[in-house]
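Student: Here is my input; please provide its structure:
(one chain, ligands or ions: 1)
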Amino acid sequence: MAGSDWTCDVSTMREWESPDYEPSLPVSEKSNPLTRDIDRASPNHIVRMLQACDSQMFQEEEGTTYQRLLSDNVVITMMEVAERVELILKDPQDSLVVLSGCGTSGRLAFLIASTFNRALRQLKQSSVYSYTIAGGDRALLSSQEAPEDDPILGMLSLKKVCEGKKRVLFIGISCGLSAPFVAGQLDLCLQHPEVYTPVLIGFNPAHQARDEPIPGCTFTFHNVVERMQELSKSQMAFLINPSVGPEAISGSSRMKGGSATKILLEVIMSVAHAAAFSKTPITSKGILQHLKASEKTLDITYSQTEGISGLVEAAGKSLRCGRRVCYLGWGSPAVLGLIDASECNPTFGAAFEDIRGFVNGGYRELNNSEGPLNSLGPEFCIAHEDFVHQVLPSLNDQDTVLLIYTHSDDVSEVMKMARRVREKTSNLHAVYHHVDGDTATALQEDINKLCLSTLKVSWPSSASASSLHMQWELSTKLVLNAVSTGAHVLKGKIYQNYMIDLQVTNSKLYRRATRLLQKLSGRPEAQCEETLLKALYRVDKLTPDITSSDMTAHILTARNTTKVVPLALVCLLTGCSLEEAKSHLEQQPIVREAVEAFLT
Ligand code: S6P
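Tutor: Okay, here's the model as predicted:
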């Protein structure tokens, strides 16, 4: 195993910042030098690598290359945006704060809008937050990659939620500064400054925003960012785009990108709420304190490396033998389970049964704007009852079940569920958040006895209830991201730190796939794209029909095909036909090993 003595030195931590490091790629798409060998690492080393990657979020700015989360500019812009939120909170009539994004960014937009609307309800104030997500509410729970490419859809969905509003603070999230859906929404805001003030959250410097033409549009994401930069001088638009370093699995912005989005927006909303309702002025010191508290959340979570590694190992074993992993959660941390599970399909090409999330109370707890979605199919059944009916009967010891709960949940319910699961599998684990000094009850001890392992995470009792919840959520996100990523690494889905078997279901993924083929085969771009198309259409010779079609048509076809990139890679490396490549991969389905056999 590489990395048996894995340590991470300062130069590796900062290697990605060098202007010579993968210069053609934006930060969000670069590969992280820290995880080069993650595919061969033990569970413990995987977790330590993820910890090192996550800690890059809080690195101080050095030189002038990249501004960071704690940089003055970022903190000042966060203050300015918080002031805008405060104004709306104090005078909510005809006003709205809309959060929006695609994939994970949209899911976090939903989560944050829900959290702060709940806080307003508790204060008997009217709701001011709303969200949009590319593909609608079904995208909260499943992969809907294609709508990400549609700027018109973005614009229309924004118009719809803002109907009748006179003042809208629009917060578009695109970690890679790349999603056309969000670009369309920002463009609408820029065209109607009398109503909309646009804010963009992402994790690349402005000049790295995507400059690829968007079909049917006169602008690129890059153009939109340039216009916003100009307007930001007069505070008519805001850009919050610190760099947080490359993702542990290249391009997997659900990880750091998602965490940093959650941190940034929760800090902004928290200080705005404190200013509006408890007369606490918005200051840079206050913002920095909140950011530091998030850093502490990382420390507290990763102080449990051993426990997290155990979970990674258990989940990896289940996936390797074709069995499943289930997250059974209570309260808002459970929603992070739903989100993590939903990302495994687009990220690792996983089937929806491989890793599934369930939340106590189902759609009542989720409280999404389109309401219950069960009728859309089994993957949209998210309540514990659904788990009991659909999954529990077929569980055995090879399946991993993870209970996620906190000291504020009804522990007797957790106990009941633990007993039922235990009748089917002994492979039961728990992640339990509680506050310092809290002594375990007898019931609590009984739950621990039923579980093979319990990750007990203690939080300072001084934190307010709302910040405690946000810490639990972030911590749960980090643990589950480690579990699902680590388990897929152990399953052999990753080559070095690249996901090879990615689905080519939107333009970002299509470009990433072509680049990956170039990198791993060393062949020219044109040849790689040609081979990608052959694998996608399952033909050894491209027809004029295929070559004359545009990327949108290719992406549509990709929805129904599997193993496109691995097949293309084998063809490129060996010069064999598609049929031959298919049979190679059938003999060696672990892509890393199949590829390595050819590379060596
Ligand atoms: C990434 C995740 C994707 C992204 C989505 C939006 O790990 O699987 O669904 O969230 O593509 O990306 P971005 O860069 O616009 O936030």
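Student: only C-alpha atoms for contact and neighbour calcs from this point on.
Tutor: Will do.
Student: Do you know the pLDDT at the residue minimising distance to the centre of the chain?
Tutor: Compute the mean C-alpha point of the chain, and by Cα atoms, centre = their mean the closest residue is R254, 1.9 Å away. pLDDT for R254: 98.
Student: tell me the contacts of it?
Tutor: Each residue near R254 by Cα atoms under 8 Å, 6 or more residues apart in numbering is listed here: T104, S105, E343.
Student: For A315, which non-adjacent residue is closest in space?
Tutor: Leaving aside its chain neighbours, A315 sits nearest to A487 (5.4 Å; criterion: Cα to Cα, 6 or more residues apart in numbering).
Student: With just CA atoms, put stretch 483-497 into CSV.
Tutor: C-alpha atoms of stretch 483-497 as CSV (Å, rounded to 0.1, in the frame of the first residue of the first chain):
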residue,chain,number,x,y,z
VAL,A,483,-17.6,7.3,3.8
SER,A,484,-19.0,7.4,0.3
THR,A,485,-15.8,8.6,-1.3
GLY,A,486,-13.6,6.3,0.6
ALA,A,487,-15.9,3.3,0.0
HIS,A,488,-15.9,4.0,-3.8
VAL,A,489,-12.1,4.4,-3.7
LEU,A,490,-11.9,1.0,-2.0
LYS,A,491,-14.2,-0.4,-4.6
GLY,A,492,-11.7,0.5,-7.2
LYS,A,493,-13.6,3.3,-8.9
ILE,A,494,-10.8,5.8,-8.8
TYR,A,495,-7.6,6.0,-10.8
GLN,A,496,-5.0,8.0,-8.9
ASN,A,497,-7.3,10.8,-7.9
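Student: ranges for the strands of the stretch 451-600 of the chain?
Tutor: Ranges of strands in the stretch 451-600 of the chain, per DSSP state E, counting those that start in this stretch, are 453-459, 494-495, 498-499.
Student: what residues does the longest one touch?
Tutor: By that I understand strand 453-459. Taking Cα under 8 Å, 6+ apart as the rule, strand 453-459 contacts 300-301, 304, 307-308, 310, 428-436, 448, 468.
Student: Out of the contacts of R254, flag the one nearest to V168.
Tutor: Each of the contacts of R254 was checked against V168 using Cα to Cα; the closest is S105, at 19.4 Å.
Student: pretty sure that closest one is in contact with I171, am I right?
Tutor: No - with contacts counted by Cα atoms under 8 Å, S105 stays clear of I171, the gap being 11.0 Å.
Student: Settle it for me: which of those two has more neighbours?
Tutor: Between S105 and I171, counted using other Cα atoms under 10 Å, S105 has the larger neighbour count: 28 against 25.
Student: Return the residues in contact with the more buried one.
Tutor: Per Cα under 8 Å, 6+ apart, neighbours of S105: I173, S174, C175, R254, G258, T261.
Student: Tell me which two in the residues you listed are the farthest apart.
Tutor: I173 and R254 (12.1 Å).
Student: circling back to that earlier point, what about the ligand: which of the contacts of S105 touch it?
Tutor: I173, S174, C175, R254 (Cα under 6 Å from any ligand atom).
Student: a markdown table please, covering those residues and showing secondary structure.
Tutor: Formatted as a markdown table, these follow (DSSP: H, G, I helix; E, B strand; the rest coil):
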| residue | secondary structure |
| --- | --- |
| I173 | strand |
| S174 | coil |
| C175 | coil |
| R254 | coil |
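Student: Quick one: buried ones out of those?
Tutor: I173, S174, C175, R254 (16 or more other Cα atoms under 10 Å).
Student: Count the residues that sit near the nearest residue to the third one once chain neighbours are set aside.
Tutor: Spelled out, it's C175. Closest residue to C175 apart from its sequence neighbours, by Cα to Cα, 6+ apart: G202 at 4.0 Å. The local packing of G202 (other Cα under 10 Å) involves 26 other residues.
Student: Now do the helix ranked longest in the chain against strand 453-459, angle only.
Tutor: Criterion DSSP state H: the longest helix present in the chain is helix 465-490. Using axes from the mean of the first three to the mean of the last three Cα atoms, to 10 degrees, the direction of helix 465-490 lies 140 degrees away from that of strand 453-459.
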